[in-house]
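Student: sequence below, structure please.
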Amino acid sequence: MDKDEIKENKDNNTTSDTNLHSQKTENNNTDEKTVNENSDNKHKEDEKLTPEQELETLKDKLARTFAEMENQRRRFEREKEDAYEYGGFSFAKETLNLLDNLERSQVALENDEKLKNTDALKKILDHINIINNDMLTIFKKNNIEPIKSINEKLDPNLHQAMMEIEDDTKEPGTIVQEIQKGFMMKERLLRPSLVGVSKKKTKEDEIEDKKNEKNQ
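Tutor: Numbering: from 1, shown residues only. Next comes the predicted model:
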């Protein structure tokens, strides 16, 4: 046997060994995959619920569904009641501007020097008061009521303080002036009252008052 034949046989043996190794590796991978699949199938079989467990699961899902439906029903009822009770809330709030304009007109007419103490002024003011009272009556029929302010203690939920006024005869925080009337619509605030509240005089104010008295 010459050298070429020996080399060829050697190469063939090497190739055969390589193919054999690859085949073994492939077989091992196949076996491992089969084992894993069998293990997964067995795990799934272990996790399969019994009829009693399936029934309990369905009961739980059904109970949650009914609870959610009940919550939605209650939410719908609340929204429907609010729409019925406060459906005219925005309209009522805008209508308050008419009352404000009536009051401003009344003040302006009363301060008009040309109209003071005239029969014409008296007649105009009478008409304004009639309109104003009619509007308040309509508001009351629709559960819209003015907020009490004068001599009341300041309530941040109902009143908005716009200024402080020195008044030693009142407790600090007492409302002594109403700048703009506030209103409630049933239990909901339509708009707060704009007010002036009392405060005690400070020492600096007392000293200043004494100086002014001396100068007079």
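
Student: hmm, residue 160 is touching residue 193, no?
Tutor: Yes. Residue 160 is within contact range of residue 193, at 7.0 Å (criterion: Cβ atoms under 8 Å). Any C-beta I mention is one placed from the backbone N, CA and C, and that applies to glycine too.

Student: which of the two has more residues huddled nearby?
Tutor: residue 193 (25 against 14; other Cβ atoms under 10 Å).

Student: my guess is that one contacts residue 162. True?
Tutor: No. With contacts counted by Cβ under 8 Å, residue 193 stays clear of residue 162, the gap being 9.8 Å.

Student: ok, how many other residues are close to residue 137?
Tutor: 9.

Student: what about it, distance to residue 145?
Tutor: Residue 137 is 12 Å from residue 145, where distance means Cβ to Cβ, to the nearest Å.

Student: how about the helices in the chain?
Tutor: Under the criterion DSSP state H, the chain contains helices at 3-47, 51-86, 89-110, 119-141, 203-215.

Student: ok, for residue 200, nearest residue in space, not its chain neighbours?
Tutor: residue 172 (5.6 Å; Cβ to Cβ, 6 or more residues apart in numbering).

Student: report the contact partners of that neighbour.
Tutor: By Cβ atoms under 8 Å, 6 or more residues apart in numbering, residue 172 lies in contact with 197, 198, 199, 200.
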